[in-house]
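1. The following block contains a protein sequence and its predicted model.
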Amino acid sequence: MSAHIPVRALGRYAAGDQGIAPDVLWAMETHLEQCADCRARLADASDGDTMALLAAVWVKVDAALSAAEPATVRRRWMPARSVRWVTPVLVPWLVTTVLVVLVALGFDLAVAGRGVAPPSLVVLLAPVAPLLGVATAWTGRLDPAHELVVATARAGLGMVLRRTLVVLVVVIPVLAVAGWMVGASPARWLMPCLAFTAGALALGKVVGLPRAAWGLALLWATVVVGPSIVTARLPVLLTEAALPGWAALTVVVALVLVPRRSGYAELR
Amino acid sequence: MRRRYGMRKGISAALLAPTTYAWAIRAVELRVRAGRRLAVDGLDLSMGNGVHGLLGPNGAGKTTLMRALATVSRPAGGVLELLGHPVHARPDLRTLRRSIGYLPQEFGFYGRFTVREFVEYLAWLKEVPAHDIPDAVQRALERVGLAERGDSRMKTLSGGMVRRAGIAQAIVNDPEILLLDEPTVGLDPEQRMAFRSLLRELGEHTCVVVSTHLVEDVVAACTNVVLMDAGRLVFDGGPADLVELGREGVGDSSAERGYTELLRRHRAAGERTA
C-alpha cells in the first residue's frame, strides 16, 4: 500500500469538497476501503458540527440500547433450528407410527401368552412402518409452508433425505425394542424396512412421495400381510433366506436414485 | 468514540461478473398447466430490471405464470429463460433458485415460530451463507417495517403483518428476480405507500414482478405494465400508456378505464377471429 492520505486532503474529503479531481477521489476511496487507520483518521477529520452531531447520536443510541429489555429466552419443546431437519407437522405422524408399532406389539404379546404361534405382527408391519413418516415428509397438503419451501435452493433430495433420516431415527429404535420383545432378529425386518424407504423415495420422484409411500404400503398389505395372517405362516420374504435379496434391492434402488438427484428439485 | 473496522466484506466476484443475458426473464410461446388446464397459453414476455406490474382479471393465469417464474411449476411448452438459465430444459435449479425471491399468493407458516425464526429458516433454505443470515434477516425485517415485531410469534400477527413477513422472506436473499403475488392484500393505505416506495427502491437493481388486481398500485409504483387475459398477453407498456388509453370509458380512475378498455378491445378482437 502506498503512503497514507494527508490530513488536509482527508479534511477536504470529509467536507465533501467538489474541487477534488475525480481520479484523486477514486484513489482516496480505494485507499480508504483498505486502510483502517485512514478510516479512523477520517472520522476525526470531520468538522465540529459533525462531531457534535455524532456525539449526540451516540448518546441516543446508548440510551436506546440500555432502555431495550434483553430478549426473553423462551423454553420450547422444539428448538427453532430443528426445523432444518423436521417440520412440526411431521411430529404427530411420527407419534402415530410409534403408537401403531406399540399396538402391534401388544397384540403379539397377548397372542404369545396363549400358546399358538401366528406370524408376529411387529415383524409383518416393520418393513412399511417408516412409510407413514416418509409420505408426510414432502407433501403440500399437510405442510403449510410447502409452497415457500419448494421454491428454495435447498428443495430437493437433500431436504427429503434429512426428513427421512429423522423418520428412521425415530422409528427404527422403536421397532428394535418391539422386535427384541417378540424375539425377532433385527436382520429379518431391518433390510426390508430400508428397501421400502429407498423404494418410496425413488418412486416418489415419478408419482409424488405420498402416493409412492401409500402404494407400496398397500402392495405390502395385500401381497404379504393379508395372506400370512390368513395362512398363519411367516412369508418367505421375511425369513433370513430373503436377506440378500432385500440388500441387493436397496443397493439397486440407491444406485438408480443418486444420478437422478437433481430432478428432485422439482419434487411436488 | 473511535472505532476500527477491518476489511470484513469485500465486493464478491459474482457482483462484478458481467451479465451474459439480455433479459432477467424471457418467455417465448410459454405454456404452463394449472392442473389439466393450460392457464398460460402462448405467452411472449421480456423483462429486465424494474418493477413490472402483472395485471389481469381473476383466472387470467397470473398465479400460474408466477409459479412458473418461481420454478415451482414446470413449463408445458415454449421457452422460459431466467437469468440466462433455460428453465424449459430443466437445468440444475439449485443455483438459479438462490437468486429468486418468491412470495406466493397464499402461504402458510408454523404458528409457534417467531417472525425472525421464520425469515431465518427461509434464508437458510435459500442457502444464504450462515454468517450472513442474522444481518440479512435484520435488514429484511427493517425494510418491511417489522424489526420491532421480530420476536413476536407468527400466529399473533395481523394479516397485513403476515404479508410483510412474507415480503421479508422474499427479499432476504437479495434476489435478482423478485416475484410478489398479490403482496398488497391486507395492507392498510399507509403500509401500501411504504410498500410502493420499497418496490421502487428494489426495482433499481432487481427485476421485480408484482401480480395484483389493484390498478392503482401498478400506476403508482411500476415502471412497466403487463396485462394478461385467458393465459395470453394483452398489453405490455408503461403505466402512462394505460392512463392515456383510459381518458374515456368505464371506471373510477383513468388507469382503471384504460385497463377495462384494453380488455374490451382484446376480447372483441378475439370474437372477430373466432
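-> Received it, and whenever you're ready, just let me know what you need.

2. list the contacts for residue 126?
-> You didn't pick a chain, so chain A it is. By Cβ atoms under 8 Å, 6 or more residues apart in numbering or on different chains, the residues touching A:Ala126 are A:101, A:175, A:179, A:189-190, A:192-193. Any C-beta I mention is one placed from the backbone N, CA and C, and that applies to glycine too.

3. Correction: the question concerned chain B.
-> A:152-154, B:97-98, B:172-173.

4. Just the ones of the contacts of A:Ala126 in strands?
-> Among the contacts of A:Ala126, no member falls in strands (criterion: DSSP state E).

5. which of the contacts of B:Lys126 count as buried?
-> A:152-154, B:97-98, B:172-173 (16 or more other Cβ atoms under 10 Å in any protein chain shown).

6. can you give me how far stretch A:129-138 is from the chain middle?
-> 14 Å (Cα atoms, centre = their mean, to the nearest Å).

7. average pLDDT across that stretch?
-> For stretch A:129-138, mean pLDDT is 90.

8. would you turn the contacts of B:Lys126 into TSV with distance to A:Val24?
-> Shown next, in TSV, are the contacts of B:Lys126 (distance: Cβ to Cβ, whole Å):
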residue	distance to A:Val24
A:Thr152	46
A:Ala153	43
A:Arg154	47
B:Arg97	44
B:Arg98	39
B:Val172	39
B:Asn173	37
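
9. tell me, what residue is most central in chain A?
-> A:Trp85 (2.6 Å; Cα atoms, centre = their mean).

10. That one is in contact with A:Thr164, isn't it?
-> No: contact criterion Cβ atoms under 8 Å: A:Trp85 and A:Thr164 do not qualify, at 10.4 Å.

11. thinking again about what came up before, mind telling me the two of the contacts of A:Ala126 farthest from one another?
-> A:Val101 and A:Pro192 (14.8 Å; Cβ to Cβ).

12. other SSEs contacting the helix or strand that contains A:Leu219?
-> For A:Leu219, the host element (DSSP states H and E) is helix A:209-220. Packing partners of helix A:209-220 (3 or more Cβ pairs under 8 Å, 6 or more residues apart in numbering or on different chains; DSSP states H and E): helix A:131-137, helix A:186-207.

13. Single out the most deeply packed of these.
-> helix A:131-137 (a mean of 25; mean count of other Cβ atoms under 10 Å in any protein chain shown).

14. neighbouring contacts of that one?
-> Contacts of helix A:131-137 (Cβ under 8 Å, 6+ apart): A:89-90, A:93-94, A:96-97, A:100, A:142, A:160, A:163-164, A:166-167, A:170-171, A:196-197, A:200-201, A:204, A:209-210, A:212-214, A:216-217.

15. Tell me the residues of chain B that contact chain A?
-> Residues of chain B found near chain A (Cβ under 8 Å from any Cβ of the partner chain) are B:1-7, B:70-72, B:74, B:90, B:92-95, B:97-98, B:100, B:102, B:104, B:106-110, B:112-114, B:117, B:120-122, B:124-127, B:151, B:169.

16. Can you give me the pLDDT of the nearest residue to B:Tyr110 once chain neighbours are set aside?
-> Using Cβ to Cβ, 6 or more residues apart in numbering or on different chains and skipping the chain neighbours, the partner closest in space to B:Tyr110 is A:Pro88 (5.0 Å). pLDDT for A:Pro88: 86.

17. follow-up on the earlier one: switch the contacts of A:Ala126 over to TSV; also include distance to B:Ile177 and pLDDT.
-> Formatted as TSV, these follow (distance: Cβ to Cβ, whole Å; pLDDT from 0 to 100):
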residue	distance to B:Ile177	pLDDT
A:Val101	46	93
A:Leu175	46	93
A:Gly179	51	90
A:Trp189	48	87
A:Leu190	46	89
A:Pro192	45	90
A:Cys193	43	92
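
18. neighbours of B:Val115, just the number please.
-> B:Val115: 28 surrounding residues under other Cβ atoms under 10 Å in any protein chain shown.

19. tell me the contacts of it?
-> With Cβ under 8 Å, 6+ apart, B:Val115 has these contacts: B:141, B:146, B:149-154, B:157, B:161, B:165, B:168.

20. Wait, A:Ser228 touches A:Val123, no?
-> No: look at A:Ser228 against A:Val123 with Cβ under 8 Å: they stay out of range, at 9.7 Å.

21. got any residues that touch both of the two?
-> Common contact partners of A:Ser228 and A:Val123 (Cβ under 8 Å, 6+ apart): A:Leu234.

22. related to what we said a few turns ago, which of the residues of chain B next to chain A are buried, as a ChimeraX select command?
-> Those of the residues of chain B next to chain A that count as buried under 16+ other Cβ under 10 Å are selected in ChimeraX with:
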select /B:70,71,72,93,94,97,98,100,102,104,107,108,109,110,113,114,117,120,121,122,124,125,126,169
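
23. circling back to that earlier point, drop anything exposed from the contacts of helix A:131-137.
-> Buried, going by 16+ other Cβ under 10 Å: A:89-90, A:93-94, A:97, A:142, A:160, A:163-164, A:166-167, A:170-171, A:196-197, A:200-201, A:204, A:209-210, A:212-214, A:216-217, out of the contacts of helix A:131-137.

24. could the helices and strands packed on helix A:209-220 go into a markdown table alongside distance to A:Ala40?
-> As requested, the helices and strands packed on helix A:209-220 are exported to a markdown table (distance: least, Cβ to Cβ, whole Å):
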| stretch | distance to A:Ala40 |
| --- | --- |
| helix A:131-137 | 53 |
| helix A:186-207 | 57 |
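
25. in the chain, which ranges drop under the pLDDT threshold?
-> I went with chain A, as the question did not name one. By pLDDT under 70, the weakly predicted segments of chain A are A:1-2, A:69-79, A:115-117.

26. To clarify, I was referring to chain B.
-> Judged by pLDDT under 70, the stretches of chain B that qualify are B:1-16, B:249-251, B:274.

27. Show me where it has its strands.
-> Going by DSSP E, chain B shows strands at B:25-34, B:37-47, B:50-55, B:75-82, B:85-86, B:100-103, B:177-181, B:207-211, B:224-229, B:232-237.

28. Sheet partners, orientation included, of the third one?
-> Taking DSSP bridges as the criterion, strand B:50-55 pairs within the sheet with strand B:207-211 (parallel), strand B:224-229 (parallel).

29. Adding mean neighbour count, write the ones you listed out as a markdown table.
-> Shown next, in a markdown table, are the strands paired with strand B:50-55 (neighbours: other Cβ atoms under 10 Å in any protein chain shown):
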| stretch | mean neighbour count |
| --- | --- |
| strand B:207-211 | 27 |
| strand B:224-229 | 23 |
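
30. With respect to A:Val252, which of those strands lies nearest?
-> Closest among those, once you apply Cβ to Cβ, is strand B:207-211, at 44.0 Å.

31. Correct me if wrong: B:Leu38 contacts B:Ala76.
-> Yes: using Cβ under 8 Å, B:Leu38 makes contact with B:Ala76 at a distance of 6.8 Å.

32. Give the intersection of the neighbour lists for these two.
-> Joint contacts of B:Leu38 and B:Ala76 (Cβ under 8 Å, 6+ apart) are B:31-32.

33. Spatially nearest residue to A:Leu125 (excluding sequence neighbours)?
-> A:Leu125's closest residue in space is A:Ala104 (Cβ to Cβ, 6+ apart), at 5.2 Å.

34. isn't that neighbour right up against A:Ala178?
-> Yes: judged on Cβ under 8 Å, A:Ala104 makes contact with A:Ala178 at a distance of 7.2 Å.
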